[in-house]
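Student: prediction below, plus the sequence it came from.
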Amino acid sequence: MGPKISVLIPVYKESDLLEPLLTDLLRDSYPFKEVLVVIDKPTEMSINVVKRFQNRITFILNGERIGKANALNEVFKRTTGEILLFLDSDLQLQTDGESFMETLAREMEGVEILDIKKSMIRSSFLARLVHYEYLASSLVSWLFSKKIGKCLGLNGAAFAIRREAFQRLGGFRRTLSEDFDLATRSFLEKLSFKYSDKVAVSIKPCSDWRSWYKQRKRWSIATGVWLKNYYRQLVRIVASTPQVMFLSLPLMLPSLLLLPLNFFLPDVICYQAISLALLILASYSSLALPAISPATFGVPVAKNVLAAASSYAGFSAIYFLSARKLGYCFNPGEFLCFYFIYSPISLLMIIIGLFRVATHNDRIDLDWKV
């Protein structure tokens, strides 16, 4: 007899993936389960879903938005399972014909928190770029799982935690990033952690760049608030596990290395590398390329080109090998756009968010409920 699993799903207004998600959960052959859905400000679509599943699923309807953290803390009081599985409403389960929850129960053996593999539904160009962000997140989560066995942060769209551990942490807090906050507190409490690619979900992407911008604006400010709340503890964590921490940051934000690489790259190496490249290219061309030297376009340009090319090649290899290991797609053209366009924009937004929290914390107008 396996442990009972309580599935908790928060919804704001409605989700077009909620009905198929509930259908998959009910069809799952694992017998020891319960599904609870809490909906803030339900729409007609949500009410129709409630009517179709009300005899098999517990629903809680809130007339106003009380926020994800409050909603999940309230619905938790009605659960009876030993394992709590938190799922967002805008995702799909990846089952491959096997029981999702049976696999989950097996992966939770001896573990207090389980991070579930997340990938993007690759339905647009934007989704294909965000895909590599999810790959990086999974890689960092896997790294923490293997090297430390504790969780410093996670994407709360899909994860599991033992009931005793959730109660020990006091549930979610009212903050802009309730999932990251919970994970950090679990690290400080030394709760055991594991990343699993045997249980996986696919997440619906933002509908357009405008929606993505609004989401990342909130996330960047949430990151700033998180750093402000835990910077003392984070300094100690970095000091105790520098090898993992200093690997994780550039894996999540590869653009971070471009500037220092360009700064520390010796001029002599730049000249030699570009001269060699021109010589090789000239051997396959009728153009008088050997007559062109790096001095033609100057040291700064040469260093920028070499730093960009070498860092792109290095991260391409890392992401490609990680994609093969963790079961993600990898496309060199998509990664090129991710590395030189998407990642710098994401980094810039995070820097702006950190600056805003550091200088105008009293004027941050983002509601934690949102």
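Tutor: Yep, it's here.

Student: so residue 216 makes contact with residue 349?
Tutor: Yes - using Cβ atoms under 8 Å, residue 216 is in contact with residue 349, at 5.2 Å. Heads up, the C-betas are built off the backbone N, CA and C, glycines and all.

Student: quick one: mean pLDDT over stretch 341-352.
Tutor: Rounded to a whole number, the mean pLDDT of stretch 341-352 is 90.

Student: give me the contacts around it.
Tutor: 129-130, 132-133, 216-217, 220, 223, 253-256 (Cβ atoms under 8 Å, 6 or more residues apart in numbering).

Student: which of those residues sits closest to residue 94?
Tutor: Using Cβ to Cβ, residue 130 comes nearest to residue 94 of those, at 17.1 Å.

Student: list the contacts of the closest residue to that closest one other than its chain neighbours.
Tutor: Setting aside the residues directly before and after it, residue 130 is nearest to residue 120 in space (Cβ to Cβ, 6 or more residues apart in numbering), at 5.1 Å. By Cβ under 8 Å, 6+ apart, the contact set of residue 120 is 127-128, 130-131, 134, 202-203, 205.

Student: check residue 30 too.
Tutor: Shown in contact with residue 30 (Cβ under 8 Å, 6+ apart): 2, 5, 99-102, 105.

Student: on the three-state scheme, it is what?
Tutor: Classification of residue 30 using DSSP: H, G, I helix; E, B strand; the rest coil returns coil.

Student: phi, psi of the residue nearest to residue 197 when sequence neighbours are not counted?
Tutor: Leaving aside its sequence neighbours, residue 197 sits nearest to residue 117 (Cβ to Cβ, 6+ apart; 4.3 Å). Per-residue torsions, residue 117: phi -60, psi 130 (degrees, to the nearest 10).

Student: residue 98: how many residues sit nearby?
Tutor: A total of 12 residues lie near residue 98 under the criterion other Cβ atoms under 10 Å.

Student: so it: helix, strand or coil?
Tutor: Of the three states, residue 98 takes coil under three-state DSSP.

Student: give me the distance between it and residue 29.
Tutor: Applying Cβ to Cβ, to the nearest Å, the value for residue 98 to residue 29 is 9 Å.

Student: tell me which of the contacts of residue 120 is nearest to residue 178?
Tutor: residue 203 (17.3 Å).

Student: just give the nearest non-adjacent residue to that closest one, would you?
Tutor: Spatial nearest neighbour of residue 203, excluding adjacent residues (Cβ to Cβ, 6+ apart): residue 91 at 4.8 Å.

Student: what sits against that neighbour?
Tutor: With contact taken as Cβ under 8 Å, 6+ apart, residue 91 is in contact with 17, 21, 118, 157-158, 201-204.

Student: tell me the one among the residues you listed nearest to residue 249.
Tutor: Nearest to residue 249 among the contacts of residue 91 is residue 118, at 19.8 Å by Cβ to Cβ.

Student: mind listing what residue 196 touches?
Tutor: So residue 196 contacts 107, 114-117 (Cβ under 8 Å, 6+ apart).

Student: the bottom helix or strand of the protein by mean pLDDT?
Tutor: helix 267-282 (a mean of 57; mean pLDDT, DSSP states H and E).

Student: just to revisit the earlier point, now for the contacts of stretch 341-352: which two are most distant?
Tutor: Comparing the members of those, the greatest separation, given Cβ to Cβ, is between 217 and 254, at 21.2 Å.

Student: neighbour count: the two, which is higher?
Tutor: residue 254 (26 against 15).

Student: these two touch, right, the more buried one and residue 339?
Tutor: Yes - between residue 254 and residue 339 there is a contact at 6.1 Å, judged by Cβ under 8 Å.

Student: next, show the common contact partners of the two.
Tutor: Residues touching both residue 254 and residue 339 by Cβ under 8 Å, 6+ apart: residue 315.

Student: out of the contacts of residue 120, the closest to residue 167 would be?
Tutor: Ranked by distance to residue 167 (Cβ to Cβ), the contacts of residue 120 are led by residue 203 at 27.7 Å.
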